[in-house]
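Participant: Please find the sequence and the predicted model below.
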Amino acid sequence: MRSERPPSVDSLARSLGSSGLPHPLCVEVAREAIDAGRVDDAAAMALQRSRRLLTPVINATGTLLHTNLGRAPISLHHETTYLNVELDLATGQRGSRQRVIGDTVALACGAEAAVVVNNCAAALLLVLAALAEDRGVAISRGELVEIGGAFRVPDVMVRSGAQLIEVGTTNRTRLTDFDRATKATDVALLLSVHQSNYRITGFSERTSIAELATLGPPVAADIGSGLLDAACPWLAGPPPAWLDGEPAARQTLEAGADLVIFSGDKLLGGPQAGIIAGRSDLVAACARHPLARALRPGALVIEALQSTMLHHLRRDADAIPFWRMASVPVAELRARAEAIAHRVGSDRVTVAATEAVPGGGTLPGRTIPSIGLSCPGDVTAVLRQATRPVIARVHENTTVCDVRTVDPLLDRELAGALSAALAATGR
C-alpha cells in the first residue's frame, strides 16, 4: 500500500498564513516540515519560527538593564514623518546630525561639546583612533578590562592604531607610575577605564582623575555606565544608596577629565549609543575622523537619545522608564504583587521580598530591594510561551517573577501567564 503523498510546499505554506508570518517565511517553514516528515507539526514550527523574531516581552527577572532584553527599555512613538537629521532649519542648508544631538548631550552632562556614535565600544575606538594613532596611551594594568562578547580594551587599542602603555600593577597603580610613562615615551592620552562589571578590593590603589589631570596629556575617562550627575537632580529625593561610588559624567569632567565616554542604554536610560563629551577641540577631532561616519547613529537612535536627554534636563525621572522602575517604593511593589497573586487565585503563588539588580555590567554586587511572586518548580519555559513571553528567573527550584522590572500596565498579562503556566504544569 502506497503511503500518502505530502502536500505541496505552496499549499502547506498557504495553510500557515494565520501564523502572521510573511509568505516567504511560511514557505521556509513548509519546506522544513516536509523534509523532516513533520507536516502535522507545521503550525507549531511556524509558531517557533515567529518566536525567533524580535517581539515584546515581560521582563520579570529583576534585572533592570538586562543585556539580553535590550538593556534600558525606551518608549518612543511618533507619526510617520521625516526628521531634520541633517538639515539646518534656520538656513535651509545641510546641517550635522552631531550638532542636532551633541549640543543637548553636552548641556546635560556639563561638557563643552559632545559627539554620539552607536555604542560605548565604538566611542572608545573613535577616541583612540582620532587622538592617539601611532602614539602611546597610558592605562593602569588593573583597568585592561574585558566585558561582554569578549570585548577587551587592549584589542580595541590595537585596532585603533594606538600603542598600549601599561602602567602600575593589577591591584595598585600610583600617579608616579603614570608620570614615569609620560616622561619615558610619547604619550598622547591618559586613559581611565571604570571597573563597571567587577571590583578589586583589599590591598589596592587607583590613580584619581584629578591626579591624572596634573600630568599634561589629555585625560579620557571611560565611565561606562552613563550616570549623568552624581546628585541625580532628575529624582525627587536624594541619590539612591545603590549608586554610591558610581562615577558620573559631570563630576568626572569637573575633576579634570578632558573627555568622558559612556553608554546611552545603561544608567542614562536611553537607546544603545556611545557618547563622547568634553573639550570642544578634542570632540571636534573625533567628529572629523573618518571612522566617525562609519560609527554614526541613525535617526531613530538620535531621536530616542534626544528624548531621553530632554527628560533629564526637565528633571522628569518618571518619563524615563529605567528610572521610573528603579525608583518605585517597595510598598507599591508589594501592593501590585498581592493584586497579581489574587488574580492568579492559587495558593501556589506567594508574594515575597526579592532583590533586583541594576544589570548590564553595571554596579556589580549592588542590589535594590524589591518584591516578587514565586511558585514552586521551574515554569520558566512555559512562561516564555505566553502570548507576550514572560522572562523570569529560577532560584532554588522556585520560579520568581520580580515585579520591579514589570510595567504596571502588564500586570494583568503577567497574572494570566502565571495562571496558564500553573495549569499547564499541573501546579
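Facilitator: Yep, it's here. Residues are numbered from 1 along each chain as shown.

Participant: contacting residues for Trp242?
Facilitator: By C-beta atoms under 8 Å, 6 or more residues apart in numbering, Trp242 lies in contact with 358, 363, 366-368. C-beta: built from backbone N, CA, C; applies to glycine.

Participant: Pretty sure it sits in a helix.
Facilitator: Yes. Looking at Trp242 with DSSP: H, G, I helix; E, B strand; the rest coil, it is inside a helix.

Participant: how close does it sit to Ile74?
Facilitator: Applying C-beta to C-beta, to the nearest Å, the value for Trp242 to Ile74 is 21 Å.

Participant: Can you read off the backbone torsions of Asp411?
Facilitator: Here is the backbone geometry of Asp411 (degrees, to the nearest 10): phi -60, psi -40.

Participant: The closest residue to it other than its chain neighbours: neighbouring residues, count only.
Facilitator: In space, and not counting its chain neighbours, Asp411 is closest to Ile340: 5.4 Å by C-beta to C-beta, 6 or more residues apart in numbering. Neighbour count of Ile340, defined by other C-beta atoms under 10 Å: 21.

Participant: surely Ile340 meets Ile371?
Facilitator: No. The criterion here is C-beta atoms under 8 Å, and Ile340 misses it with Ile371 at 10.2 Å.

Participant: Next, show the common contact partners of these two.
Facilitator: Among the neighbours of Ile340, those also in contact with Ile371 (C-beta under 8 Å, 6+ apart) are Val403.

Participant: Give the ChimeraX command for selecting the buried subset of the contacts of Trp242.
Facilitator: Of those, the buried ones can be selected in ChimeraX as follows, counting by 16 or more other C-beta atoms under 10 Å:
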select :358,363,366,368
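
Participant: can you list the contacts of Trp242 in CSV and add secondary structure, pLDDT and distance to Ala132?
Facilitator: Shown next, in CSV, are the contacts of Trp242 (DSSP: H, G, I helix; E, B strand; the rest coil; pLDDT from 0 to 100; distance: C-beta to C-beta, whole Å):
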residue, secondary structure, pLDDT, distance to Ala132
Pro358, strand, 93, 31
Leu363, coil, 85, 29
Arg366, coil, 90, 33
Thr367, coil, 94, 38
Ile368, strand, 97, 38
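
Participant: in the stretch 151-300 of the chain, which spans are strands?
Facilitator: Secondary structure of the stretch 151-300 of the chain (DSSP state E, counting those that start in this stretch): strands at 151-152, 163-167, 187-193, 219-224, 259-263, 274-278.

Participant: The stretch 1-150 of the chain too?
Facilitator: 58-59, 63-65, 113-117, 136-140, 146-147.

Participant: which one of these is the most hemmed in?
Facilitator: Each of the strands of the stretch 1-150 of the chain was scored by mean neighbour count; the highest is strand 113-117, a mean of 28, by mean count of other C-beta atoms under 10 Å.

Participant: Report all helices and strands that that one contacts.
Facilitator: In terms of contacts (3 or more C-beta pairs under 8 Å, 6 or more residues apart in numbering; DSSP states H and E), strand 113-117 is packed against helix 97-109, helix 120-132, strand 274-278, helix 280-288, helix 299-313.

Participant: Sheet partners, orientation included, of it?
Facilitator: When pairing is defined by DSSP bridges, strand 113-117 lines up against strand 274-278 (antiparallel).

Participant: which residues sit against the partner strand?
Facilitator: With contact meaning C-beta under 8 Å, 6+ apart, strand 274-278 is reached by 105-106, 109, 111-124, 126-127, 220, 226, 249, 253, 257-264, 268, 283, 286, 295.

Participant: same thing but at 6 Å, please
Facilitator: Here strand 274-278 makes contact (C-beta atoms under 6 Å, 6 or more residues apart in numbering) with 105-106, 109, 111, 114-117, 119-120, 122-123, 127, 258-262, 286.

Participant: Quick check on those: which are buried?
Facilitator: 105-106, 109, 111, 114-117, 119-120, 122-123, 127, 258-262, 286.

Participant: For the residue lying closest to Pro233 once chain neighbours are set aside, give its distance to Leu83.
Facilitator: Spatial nearest neighbour of Pro233, chain neighbours left out: Arg315 (5.5 Å); criterion: C-beta to C-beta, 6+ apart. Remark: distance between Arg315 and Leu83 (C-beta to C-beta) = 26 Å.

Participant: among the strands of the stretch 1-150 of the chain, which is nearest Val301?
Facilitator: Nearest to Val301, of all the strands of the stretch 1-150 of the chain, is strand 113-117, at 7.8 Å by C-beta to C-beta.

Participant: From the chain's centroid, how far away is that closest one?
Facilitator: With C-alpha atoms, centre = their mean, to the nearest Å as the basis, strand 113-117 stands 18 Å off its chain's centre.

Participant: just the angle between that strand and helix 280-288, please?
Facilitator: Angle between the axes of strand 113-117 and helix 280-288 is 20 degrees (criterion: axes from the mean of the first three to the mean of the last three C-alpha atoms, to 10 degrees).

Participant: how many degrees apart are strand 113-117 and strand 259-263 in direction?
Facilitator: 40 degrees.

Participant: Now do strand 113-117 against helix 97-109: the angle between them, please.
Facilitator: Angle, strand 113-117 to helix 97-109, by the same axes, to 10 degrees: 120 degrees.

Participant: Send me strand 113-117 as CSV with only the CA atoms.
Facilitator: Extracted in CSV, the C-alpha atoms of strand 113-117 (Å, rounded to 0.1, in the frame of the first residue of the first chain):
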residue,chain,number,x,y,z
ALA,A,113,30.7,69.6,23.3
ALA,A,114,29.7,66.0,22.6
VAL,A,115,29.5,63.5,19.8
VAL,A,116,27.4,60.4,19.6
VAL,A,117,28.2,57.0,18.0
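
Participant: hang on, the earlier thing: got JSON lines for the contacts of Trp242, with distance to Cys232 too?
Facilitator: Formatted as JSON lines, the contacts of Trp242 follow (distance: C-beta to C-beta, whole Å):
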{"residue": "Pro358", "distance to Cys232": "14"}
{"residue": "Leu363", "distance to Cys232": "14"}
{"residue": "Arg366", "distance to Cys232": "15"}
{"residue": "Thr367", "distance to Cys232": "18"}
{"residue": "Ile368", "distance to Cys232": "14"}
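
Participant: one step back: how about a markdown table for the strands of the stretch 1-150 of the chain, with mean pLDDT and distance to Val100 added?
Facilitator: Output for the strands of the stretch 1-150 of the chain, formatted as a markdown table (pLDDT from 0 to 100; distance: least, C-beta to C-beta, whole Å):
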| stretch | mean pLDDT | distance to Val100 |
| --- | --- | --- |
| strand 58-59 | 98 | 31 |
| strand 63-65 | 96 | 26 |
| strand 113-117 | 97 | 9 |
| strand 136-140 | 92 | 30 |
| strand 146-147 | 68 | 29 |
